[in-house]
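**Student:** Just a sequence and a predicted model for now, questions to come.
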Amino acid sequence: MVTVCDVGPRDGLQNEPETLPPATRAELVNRLAAAGLPRVEAVSFVRDERVPRMAGAEEVVGGIDRRDGTEYAGLVLNLKGYERLRGTSLDRVNCTLAATESFNQRNGNMSLDQALTQAQAILGVSELPTTLTVSVAFGCPFEGRVDPGRVAELCTQLNADELVLADTIGVATPRDVKSLVERTGAAGVHLHNTRSTGYANALAALEAGATVLDSSIGGLGGCPYAPRATGNIATEDLVYLLEGEGIDTRIDLDALIAISAWIEELLGRRLEGQVYRAGPFPSATTPAAASASTSAAE
Ligand code: ZN
């Protein structure tokens, strides 16, 4: 069984230029749950003034119509964030740290040691299931390729219920993913399609034993350190792939496509996902297509 976690409302929208109001973000969460997503990362508990796009986390959670079969997760960066999450109805705590010193410094304004201590503190007190996401686990925009041994060593110092390896800048290829998932025993991966390896990497992770795959509807998201790059792998493209490979996701692909069309209209620009534009499956040969191919053959 594969658990697809849609991170669009959090990781996706946080890295898009537009700021959507809490009510719209709650509606996105509700639409994703209604499509059958087993998990949605709904919000981040950060200071509103620091990350305005994620402002009003409690309001977003207040707008969620809980659906059986969907687990609702929130990102917390420190104990204060954890306390805020505990004041809501969310089910899962996601916390994160970067695999490299420079990324922790530049992204979180703290050393790797401090980030590690903070993550350990959250994991230590959490009464809810926890996911620890190690960002830049394969490559770092400041330090280049990341030594897999270093990542594996870091992972042994963290006692989360679930470990997720993130290819934050989308540099990994399937061999890297397979080998690091095997080495760390990670439960899941968080992939970006920056260099078009995201979907191949998802399959490689499953082959290596991972069962949790992060993705975002429409491929929402990006990376502040690669402003022109593609974001997360798209949920609808991933579901199309998984279903085609015989994995029953119990997610409604048509419903996902409708959500992407809705977001595209909301944001007023083309999203990165492909399946929502191409459709779920090539339609049967239509008379128009048949005559076109006939004339081409002539
Ligand atoms: Zn991401």
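**Tutor:** Nice, thanks for sending it over.
**Student:** what's around L256, how many residues?
**Tutor:** If you count neighbours by other Cβ atoms under 10 Å, L256 ends up with 29. (C-beta placed from N, C-alpha, C; glycine too.)
**Student:** Can you give me the pLDDT of it?
**Tutor:** According to the prediction, L256 has pLDDT 98.
**Student:** Point out the residues in the stretch 101-250 of the chain that sit beside the ion.
**Tutor:** Taking Cβ under 5 Å from the ion as the measure of proximity, the stretch 101-250 of the chain contacts the ion at N232.
**Student:** can you give me the strands in the stretch 101-250 of the chain?
**Tutor:** Using DSSP state E, counting those that start in this stretch, the strands found in the stretch 101-250 of the chain span residues 130-135, 139-140, 144-145, 162-167, 188-191, 212-215.
**Student:** ok, and the closest non-adjacent residue to L267?
**Tutor:** Leaving aside its chain neighbours, L267 sits nearest to E18 (5.7 Å; criterion: Cβ to Cβ, 6 or more residues apart in numbering).
**Student:** what does Y276 give?
**Tutor:** Leaving aside its chain neighbours, Y276 sits nearest to S260 (3.8 Å; criterion: Cβ to Cβ, 6+ apart).
**Student:** Does the one you found belong to a helix, a strand or coil?
**Tutor:** Counting by DSSP: H, G, I helix; E, B strand; the rest coil, the backbone at S260 sits in helix.
**Student:** all numbers from here: first residue = 57
**Tutor:** Sure, I'll start numbering at 57, so the last one becomes S316.
**Student:** Tabulate the strands of the stretch 157-306 of the chain (JSON lines), appending mean neighbour count.
**Tutor:** Below are those laid out as JSON lines (neighbours: other Cβ atoms under 10 Å):
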{"stretch": "strand 186-191", "mean neighbour count": "25"}
{"stretch": "strand 195-196", "mean neighbour count": "21"}
{"stretch": "strand 200-201", "mean neighbour count": "10"}
{"stretch": "strand 218-223", "mean neighbour count": "24"}
{"stretch": "strand 244-247", "mean neighbour count": "27"}
{"stretch": "strand 268-271", "mean neighbour count": "27"}
